[in-house]
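Undergrad: give me coordinates for this.
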Amino acid sequence: MLAGISISKAQNTVIKANLLSPLVRTGSFFIEHKLNDNSSIQLGLLYTGNTWDDTKIRGWGITPEYRFYLSDSPAPKGFFVAPYARYLHYNLENEVNDEATLNGLGAGLIIGQQYIFKKRVSFEWFFGPGYTSADVDAKSGTEEDFDTGNWDGFTLRAGLTLGIAF
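TA: Model (predicted):
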């Protein structure tokens, strides 16, 4: 309080984790920064160590997005629409120890709602369609020896995040 005037600092940055990603043995983390009352940018990072069918996957991804907030509340609070891009880099190994590298490039659009509680705690839901084009480079075996159906083509991106705003 300054000379009887209350000064409250706005939350311009939110750091958060996707609560659903451990279900698929992935860590997914985000940092969002407010640009103005109606928009923000967010950068997402993920690491996975999973197995799909007979293919072991180890690798990372990066997801930048631009958020348009459509509610009366100033960003980063409220309902949003966000186009995003995504880059994936995975090392693959199948059951006969063939190895490959997968590089994927994609984009999509999500909608969601972010809530800020007690001016510090964020909770968010989001979902939307995306498309990824993946290229597999087989180091041993052939490209057909690796299941890329989960990363090549249309996908659904969804999450529930919990974070801290400051």
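
Undergrad: partners of residue 88 in the sheet?
TA: Applying DSSP bridges to residue 88 gives these bridge partners: residue 61, residue 104.

Undergrad: from residue 70, how far out is it?
TA: Distance, residue 88 to residue 70, by CB to CB, to the nearest Å: 29 Å. C-beta coordinates here come from the backbone N, C-alpha and C atoms, glycine included.

Undergrad: quick one: which of those two has more around it?
TA: For residue 88 and residue 70, the more surrounded residue by other CB atoms under 10 Å is residue 88, and the numbers stand at 20 against 11.

Undergrad: isn't the more buried one right up against residue 101?
TA: No - here residue 88 lies out of contact with residue 101, judged by CB atoms under 8 Å, at a distance of 10.6 Å.

Undergrad: residue contacts, the closest residue to residue 135 other than its chain neighbours?
TA: Here the nearest residue to residue 135 in space, its sequence neighbours aside, is residue 103; by CB to CB, 6 or more residues apart in numbering that works out to 5.3 Å. By CB atoms under 8 Å, 6 or more residues apart in numbering, the contact set of residue 103 is 87, 88, 89, 134, 135, 137.

Undergrad: tell me, how many residues neighbour the fifth one?
TA: Residue 135 sits with 12 neighbouring residues when counted by other CB under 10 Å.

Undergrad: what do you get for the third one?
TA: Each residue near residue 89 was counted by other CB under 10 Å, and the total is 12.

Undergrad: what pLDDT does it get?
TA: At residue 89, the model reports a pLDDT of 97.

Undergrad: would you mind measuring from residue 69 to residue 61?
TA: 25 Å.

Undergrad: between those two, which one's more packed in?
TA: Comparing residue 69 with residue 61 by other CB under 10 Å, the one with more neighbours is residue 69, at 23 against 20.

Undergrad: is the residue nearest to the more buried one when sequence neighbours are not counted in a helix, a strand, or coil?
TA: Ranked by CB to CB, 6+ apart and with sequence neighbours excluded, the top spatial neighbour of residue 69 is residue 75, at 4.3 Å. Three-state call for residue 75 (DSSP: H, G, I helix; E, B strand; the rest coil): coil.

Undergrad: can you verify my assumption that residue 75 contacts residue 41?
TA: No - using CB under 8 Å, residue 75 makes no contact with residue 41, being 10.2 Å away.

Undergrad: joint contacts of those two?
TA: Common neighbours of residue 75 and residue 41, using CB under 8 Å, 6+ apart, are 35, 67.
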